[in-house]
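[1] Take a look and give me a structure for this.
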Amino acid sequence: MTFRKHEIRNAGLLLALLLCVLFFLSPETRRPHNDALRYTDYVLHLAQYGVFGLTPEDGSRTIVPGNANAPLYPMFVAALVILDQKLADSLACARSDPLLEKTCPLHYQTLVAAQYLIVWLTTLLLWLLVRLLFDHRGQAILAVLCALLSMAYTSYAQRILTEVLIFPGCISLQIGLLLYLRQRRKRWAALIGLSLGLLTLIRPEYLYLSLTIATISIGLLVFRKNSGGITAILIGAIAFSFTISPWMWRNHQQLDSWSLTGGGYAETILAYRLSYNRMTPSEWGASLIYWVPDFGDKLAKYLLPKNSYQRLITRSEGSFFSIAVPEILEPELARRPREEIVGYWLRTEILGNPIKHTIVSMALIWRGLFVRKYWASLASSPMPRF
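    Numbering: from 1, shown residues only. You can find the predicted model right below:
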């Protein structure tokens, strides 16, 4: 499909106007808590000492470099802290008093404004994605309106969490995949690799998505025997490697390790993902019903036997979520060193069983489509043209 550049300009201006209104109507920013305090710790150490690391648990004042989390979001906020001393003071107070027993200043306007700019980019990318996908102005407008009405984007713009960067990264990845599938141009393969690399630098578990996409691509390449696909895969891999290599080099220099993350994060997250590879065919089929937003669980209970969806209930005893640590991670920790676990699982559980891993990933992708329940569904519904 083709559309004129002025459409993008007009969409960008309208979204900017709408988000300006939402920004000035937005509620008071909440103080950091839970995971936000962890990111705040990284941010302040980066801004004050130029060190990416957490406050030592032993009470010492020396900040030791670490890589338990990915660097991109803390670096973004640290840059704002360097520019705004009031923001730095607000974050420092919140970190020093995590129980919020005293009143801390709430000078977060710089951070929220910067994150609203990212929301603007996100909604513009969403508009572009749906416009490309359906070649339909109404569909694109509906997608953006539903996204904003869900409050998913603007809610995270008020918080110190990685999601505000995850949203545009995921949409740019989808745009790259869509355009490559339609045009087979190598530039879109590069965009896919770049998007996956940036997502991995925001949250390291996106390395597993990268491996899943690579596995599917190689499988399709072998099946279709398309020589042009080899070049595209190499270009995507180069773009991905180029994006994450500075962080890997830093880890090698400061931590004597090429791994993207450490400290138990990578293997814990992967354990939760691999637990779903224990799905039976009946559970996989049930997941397509159970994970439909809002009424899917009720419909599954009405249509299906309980044993086909019981392990899909996140907080239930014996669920895929609940067995990840005691039945997958802890036994592996007893068998081999922690630093070897991720590599071993990648070889045996993912690359060693790519078909099962890919099939289960399809069900999890289906689950992930329904952000904030309804708006993803509404955005893909048919509409009359206008």
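
[2] For residue 287, which residues are in contact?
    Contact analysis of residue 287 by CB atoms under 8 Å, 6 or more residues apart in numbering lists 279, 309, 312, 363, 366-367. C-beta coordinates here come from the backbone N, C-alpha and C atoms, glycine included.

[3] separation between residue 207 and residue 254?
    Going from residue 207 to residue 254 by CB to CB, to the nearest Å gives 20 Å.

[4] Now tell me which helix or strand of the chain has the poorest mean pLDDT.
    Lowest on mean pLDDT, DSSP states H and E among the helices and strands of the chain sits helix 375-379, with a mean of 47.

[5] Need the nearest residue in space to residue 66, chain neighbours excluded.
    Of all residues not flanking residue 66 in the chain, residue 53 sits nearest, at 4.3 Å (CB to CB, 6 or more residues apart in numbering).

[6] and if you look at residue 284?
    Per CB to CB, 6+ apart, closest to residue 284 is residue 363, 5.6 Å.

[7] now swap in residue 159 and tell me
    Residue 159 sits nearest to residue 36 (CB to CB, 6+ apart), 6.1 Å away.

[8] any idea which element the one you found lies in?
    helix 35-49 (DSSP states H and E).

[9] Buried residues in that helix, which are they?
    Within helix 35-49, the residues that count as buried by 16 or more other CB atoms under 10 Å are 36, 38-47.

[10] what sits up against that helix?
    Outside helix 35-49, the residues that reach it (CB under 8 Å, 6+ apart) are 32, 51-55, 63, 69, 73-75, 77-78, 81-82, 88, 91-92, 94-95, 98, 159-162.

[11] show me what contacts the residue nearest the centre of the chain?
    Geometric centre of the chain, nearest residue: residue 166, 4.4 Å, by CA atoms, centre = their mean. Going by CB under 8 Å, 6+ apart, residue 166 touches 199, 202-203.

[12] which one of the residues you listed has the most neighbours?
    Counting neighbours by other CB atoms under 10 Å, residue 199 leads the contacts of residue 166 with 27 neighbours.

[13] Check what pLDDT that residue gets.
    Note for residue 199: predicted pLDDT of 95.

[14] Not counting its neighbours along the chain, what's nearest it?
    Per CB to CB, 6+ apart, closest to residue 199 is residue 206, 3.9 Å.

[15] Tell me the spacing between the one you found and residue 8.
    27 Å.

[16] re the thing from before, please narrow the contacts of helix 35-49 to those residing in helices.
    73-75, 77-78, 81-82, 88, 91-92, 94-95 (DSSP state H).

[17] which among those residues end up buried?
    Buried, going by 16+ other CB under 10 Å: 73-74, 77-78, 81, 88, 91-92, 94-95, out of these.

[18] Count the residues that sit near residue 302.
    Residue 302, neighbours per other CB under 10 Å, totals 9.

[19] And it, how far from residue 288?
    15 Å.

[20] what do you get for residue 265?
    30 Å.

[21] before we move on, back to that, I'd guessed the residue nearest to residue 199 sits against residue 196; true?
    Yes - in this structure, residue 206 is within contact of residue 196 by CB atoms under 8 Å, at 6.4 Å.

[22] Looking at the two, which is more packed in?
    Taking neighbours as other CB under 10 Å, residue 206 and residue 196 compare with residue 196 leading, 27 against 22.

[23] Give me the local confidence score for the more buried one.
    The model's pLDDT for residue 196 equals 95.

[24] Name the residues of the helix or strand residue 192 falls within that are buried.
    Assigned by DSSP H and E, residue 192 belongs to helix 186-202. In terms of neighbour count (16+ other CB under 10 Å), helix 186-202 has its buried residues at 188-202.

[25] same thing with stretch 353-365?
    The neighbour-count check on stretch 353-365 (16+ other CB under 10 Å) flags 354, 357, 360-361, 363 as buried.

[26] then the helix holding residue 36 to CSV, C-alphas only?
    Output of helix 35-49 as CSV, limited to C-alpha atoms (Å, rounded to 0.1, in the frame of the first residue of the first chain):
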residue,chain,number,x,y,z
ASP,A,35,10.8,-2.4,40.8
ALA,A,36,10.9,1.4,40.3
LEU,A,37,13.1,1.8,43.3
ARG,A,38,15.6,-0.7,41.8
TYR,A,39,15.8,1.3,38.6
THR,A,40,16.1,4.5,40.6
ASP,A,41,19.1,3.0,42.3
TYR,A,42,20.7,2.4,38.9
VAL,A,43,19.8,5.8,37.7
LEU,A,44,21.3,7.7,40.6
HIS,A,45,24.6,5.7,40.5
LEU,A,46,24.9,6.3,36.8
ALA,A,47,24.3,10.1,37.2
GLN,A,48,26.5,10.5,40.3
TYR,A,49,29.4,8.0,39.6
